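[1] Structure, please.
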Amino acid sequence: MGWKMEWAGREKHMGGIPRKMVFLAVGAFAKAAATLLNTTSVHNAHTLIRLVRSRPPGVPLVTVSNHMSTLDDPLIWGFKGFPSLDAKLARWVLAAEDICFKNPLLTYFFRLGKCIPITRGAGIYQEHMNEALQCLNNGAWLHTFPEGKVSQEDAPIRRLKWGTASLIVRAHVTPIVLPMVHCGFEQVMPEKFYLGRRPPFPLCNKNIKIIIGEPLEFDIPKMRQLAISMSRDLSFTSRGWPIISPYGLDEAAQRCLYSTISGQIQTALEGLRSFGKNFLK
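    Next up is the predicted model:
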């Protein structure tokens with residue numbers, strides 16, 4: 001693709017004014033779509049709002065969710081009471097390079113919107129994952145869709161990609177990890193609406209449900225030691241991953257650790273999905 005524009009994603013770019021304008025406009029659009037044009041019900045909203053507004057200084061937040069449509073983000077942040085117009089409090093998010101960064105204009109817009117381009121299939125150590133890691137090391141909030149692609153079927157959470165787990169492990173301060181699931185966005189922006197295409201605008205009069213879980217706690221130092229001892233017998237085809245210093249985590253230990261963390265997040269998401277089926281039926 002070639003368009004990176006990291007400078008446009010920086011807080012001080014043009015005094016932060018373009019970023020503020022983007023969040024005012026997109027935040028207002030999300031509010032209108034989630035609260036005026038559709039009906040959104042949220043379970044445990046206060047937990048998310050509290051962690052976004054007032055978590056301990058320097059502690060990063062990672063929110064993870066299923067991925068039902070191309071509009072999940074920003075619409076998921078449009079519910080009543082959420083500070084979706086505030087660029088300072090807003091999430092960073094991993095976004096597909098082939099959709100959001102196709103040309104210089106889109107790249108500039110999504111960069112202002114605190115989106116980090118991710119190339120599908122380029123692995124968990126691709127260049128821009130370091131940018132996401134830097135956000136966490138700055139104590140910021142990062143949202144990820146660890147299933148890696150949109151799925152509009154009412155089906156169990158798929159096996160998660162390991163990128164999110166790798167960020168959690170490598171962050172200087174272990175992030176607070178908050179799982180959430182949603183449904184209804186697949187009706188607001190169906191993938192195959194007319195002639196196999198998405199509609200030009202979001203659809204109205206749909207019911208959106210958002211289920212926010214409780215924070216997951218990972219004892220990373222303990223999990224690291226366990227992964228190192230468990231990985232000694234692993235046989236696999238190496239991808240040439242770098243050793244994570246200073247802990248000496250080789251590729252086998254990383255695989256062990258990422259698999260464990262991803263499994264726990266997947267279990268939490270699936271539990272919320274099951275709970276959501278009975279929520280406000």
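[2] hey, let's count contacts and neighbours off CA atoms from now on
    Noted.
[3] Tell me, how many residues neighbour residue 188?
    Residues lying near residue 188 (other C-alpha atoms under 10 Å) number 27.
[4] what's the answer for residue 215, then?
    Neighbours of residue 215 under the rule other C-alpha under 10 Å: 19.
[5] any idea of the pLDDT on it?
    With respect to pLDDT, residue 215 has a value of 98.
[6] same thing with residue 279?
    Reported pLDDT for residue 279: 63.
[7] Residue 104 too?
    pLDDT at residue 104 comes out at 94.
[8] how far away is it from residue 118?
    16 Å (C-alpha to C-alpha, to the nearest Å).
[9] What of residue 101?
    Here residue 101 is placed at a distance of 10 Å from residue 118 (C-alpha to C-alpha).
[10] And residue 193, by the same measure?
    Going from residue 193 to residue 118 by C-alpha to C-alpha gives 27 Å.
[11] again with residue 194
    According to C-alpha to C-alpha, residue 194 and residue 118 sit 29 Å apart.
[12] ok, the two, which is more surrounded?
    residue 118 (23 against 10).
[13] Test my guess that that one contacts residue 129.
    Yes: using C-alpha atoms under 8 Å, residue 118 makes contact with residue 129 at a distance of 7.5 Å.
[14] Tell me which residues are up against the strand ranked longest in the chain.
    Scanning the chain for the strand with the most residues, using DSSP state E, yields strand 176-183. Residues outside strand 176-183 that contact it (C-alpha atoms under 8 Å, 6 or more residues apart in numbering) are 48, 59-66, 68, 208-217, 265, 268-269, 272-273, 276.
[15] pLDDT at residue 3, what is it?
    pLDDT, residue 3: 68.
[16] Same question for residue 238.
    At residue 238, pLDDT is 88.
[17] what's the burial count for it?
    Neighbours around residue 238, by other C-alpha under 10 Å: 8.
[18] so how far is residue 104 from it?
    Using C-alpha to C-alpha, residue 238 is found at 36 Å from residue 104.
[19] now residue 91
    22 Å.
[20] Which of the two has more residues huddled nearby?
    The neighbour count for residue 91 versus residue 104, taken as other C-alpha under 10 Å, is higher for residue 91 (25 against 14).
[21] what kind of secondary structure is residue 93 in?
    strand (DSSP: H, G, I helix; E, B strand; the rest coil).
[22] What residues of the longest helix along the chain count as buried?
    Assignment by DSSP state H gives helix 251-278 as the longest helix of the chain. Applying a neighbour-count criterion of 16 or more other C-alpha atoms under 10 Å, one finds 251-263, 265-266, 268-273, 276 buried in helix 251-278.
[23] Give the rounded mean pLDDT of the longest strand of the chain.
    Here strand 176-183 scores 97 as its mean pLDDT.
[24] before we move on, what about stretch 143-156?
    The average pLDDT within stretch 143-156 is 92.
[25] how about that stretch: buried residues?
    143-149, 151-152.
[26] same check, this time on stretch 240-251
    For stretch 240-251, the neighbour count (16+ other C-alpha under 10 Å) marks 249-251 as buried.
[27] quick one: which of the residues you listed is nearest residue 11?
    Set against residue 11, the nearest of the buried residues of stretch 240-251 by C-alpha to C-alpha is residue 249 (33.5 Å).
[28] Not counting its neighbours along the chain, what's nearest residue 238?
    residue 251 (7.4 Å; C-alpha to C-alpha, 6 or more residues apart in numbering).
[29] residues in contact with the one you found?
    Contacts of residue 251 by C-alpha under 8 Å, 6+ apart are 238, 240-243.
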